[in-house]
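Chemist: give me a 3D structure for the following:
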Amino acid sequence: MIERQLWHPVVLAEEVAATPLPARLLGENLVLWRDEAARVHAWADRCPHRGAQLSLGRVVDCNGAKALECPYHGWRFEAGGRCTHVPALPGFVPPATHRAVAHEAVEAQGLVWVRLEPPAEAAAPSALPAFSAEDDARMRKISCGPYEVETSAPRLVENFLDMAHFGFVHEGWLGARQMAVIDDYRVEATPEGLRATGCKAWQPRSTVHSTAPAQVEYAYEVTAPYAAVLTKVPEAASVGGVDGYRESIALQICPVDPERSRVWFRFATSDFERDEASVRAFQDTIFLQDRPVLESQRPRALPLDLRAELHTVADKASSTYRRHLRMRGITFGVC
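Modeler: Sure thing, here's the model as predicted:
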């Protein structure tokens, strides 16, 4: 399954602290913990001895290093996953085969990302989903979420790309019923997904900084099967006359199960003045408008056969996205 060879966000980095933390990815239970150097580790949440959940255990000191101790029989596992101590047999030296199942984990963009399997081929994707604004010192970064949603990760990406719902789901915020027309825009396929440019929407309140309705220019990019970025540039007059104001927002999805997801948004904004709470409150409002509609969709898995649902030219970004998932061989969260 190609999805196992991709990087996925699982938790906010700040959540992984002194105690083991359970998580779930692609239908599998994980445990996350930190060693003595504060490096994060992601393992299968199952002790190889008798199958107990390691996330019910604790992180302990063991010969000057940190180890994860199983709650059932106290077996201790070092950072690399190898068992180093069996309390029932103090003189026993566990062989190298006595080990927890360890996965790759990295911290980036405020999150812990996990890859369940290495790429099968050298040419396979190995980088995290791109978010160029993350390294731009002129942009302030704020994480919003997580949001738990009973739908598939591809349905969430498609909703993120969809402008035609603004005037109905986000009426008075990102759109208005009487201004629901979608002008033509450009879509091009990329190795990672797609890029859509020339997207425009009339919005009563395009951002938390808005002071007046405005025509807003959008650009979208699908950066991985379950990740996307949008950049919006509102008219200066609509954000208090701030010239050059822009926002870049990364959609970051953990595909928990085929029809259940955890979602974060990573904001990069050129405004350093407004408090983070108001930014998060704005995003909470917008996403909580989306959630009941997303959870109402049937099937919850995204159909990749373009004949399964109806399409118009206003939907060409989502049609391109579906074709890309089929071409990549994605099977998790689709039908």
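
Chemist: strands along the stretch 201-335 of the chain, start to end?
Modeler: Taking DSSP state E, counting those that start in this stretch to define them, one finds strands in the stretch 201-335 of the chain at 214-224, 227-234, 247-257, 260-269.

Chemist: so which bits of the first one are buried?
Modeler: It refers to strand 214-224. 214, 216, 217, 218, 219, 220, 221, 222, 223, 224 (16 or more other CB atoms under 10 Å). In short, each C-beta sits where N, CA and C put it, glycine included.

Chemist: contacting residues around the fifth one?
Modeler: Put plainly, it is residue 219. 195, 196, 197, 199, 230, 231, 232 (CB atoms under 8 Å, 6 or more residues apart in numbering).

Chemist: which residues sit in contact with the second one?
Modeler: Read it as residue 196. Going by CB under 8 Å, 6+ apart, the list of residues near residue 196 reads 161, 185, 186, 187, 218, 219, 220, 221, 317.

Chemist: export the residues you listed to CSV and tack on distance to residue 172 and pLDDT?
Modeler: Output for the contacts of residue 196, formatted as CSV (distance: CB to CB, whole Å; pLDDT from 0 to 100):
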residue, distance to residue 172, pLDDT
161, 22, 98
185, 24, 97
186, 29, 98
187, 28, 98
218, 19, 91
219, 24, 96
220, 23, 98
221, 28, 98
317, 24, 98
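
Chemist: just give me the closest of those to residue 103.
Modeler: Set against residue 103, the nearest of these by CB to CB is residue 221 (27.1 Å).

Chemist: what is the neighbour count of residue 112?
Modeler: 24 (other CB atoms under 10 Å).

Chemist: also residue 147?
Modeler: So residue 147, with other CB under 10 Å, has 18 neighbours.

Chemist: pick out the shakiest of the strands of the stretch 201-335 of the chain, pLDDT-wise.
Modeler: Confidence, taken as mean pLDDT, is least for strand 227-234 of the strands of the stretch 201-335 of the chain (a mean of 90).

Chemist: contacts for it, please.
Modeler: Counting by CB under 8 Å, 6+ apart, 129-131, 133, 157, 160-161, 193, 203, 206-207, 210, 214, 216-223, 245-253 sit against strand 227-234.

Chemist: buried ones only from these, please, as a PyMOL command.
Modeler: Restricted to buried positions by 16+ other CB under 10 Å, the PyMOL selection for these reads:
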select buried, resi 129+131+133+157+160+161+193+203+206+207+210+214+216+217+218+219+220+221+222+223+245+246+247+248+249+250+251+252+253
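
Chemist: how far away is residue 138 from residue 230?
Modeler: Residue 138 sits 18 Å away from residue 230, going by CB to CB, to the nearest Å.

Chemist: those two: who's more crowded?
Modeler: residue 230 (18 against 10).

Chemist: any idea what the more buried one is bridged to?
Modeler: residue 220, residue 249 (DSSP bridges).

Chemist: again, but for the one 4 residues further on
Modeler: The residues paired with residue 234 through beta bridges, assigned by DSSP bridges, are residue 216.

Chemist: in the chain, which spans are helices?
Modeler: Counting by DSSP state H, the chain has helices at residues 153-161, 166-169, 276-296, 316-328.

Chemist: among those helices, which is the most enclosed?
Modeler: helix 153-161 (a mean of 24; mean count of other CB atoms under 10 Å).

Chemist: can you count the residues close to the residue lying closest to residue 271 once chain neighbours are set aside?
Modeler: Among residues not flanking residue 271 along the chain, residue 209 sits closest, at 6.0 Å (CB to CB, 6 or more residues apart in numbering). Residue 209 sits with 21 neighbouring residues when counted by other CB under 10 Å.

Chemist: my read is that residue 209 contacts residue 245, right?
Modeler: Yes: contact criterion CB atoms under 8 Å: residue 209 and residue 245 qualify, at 7.1 Å.
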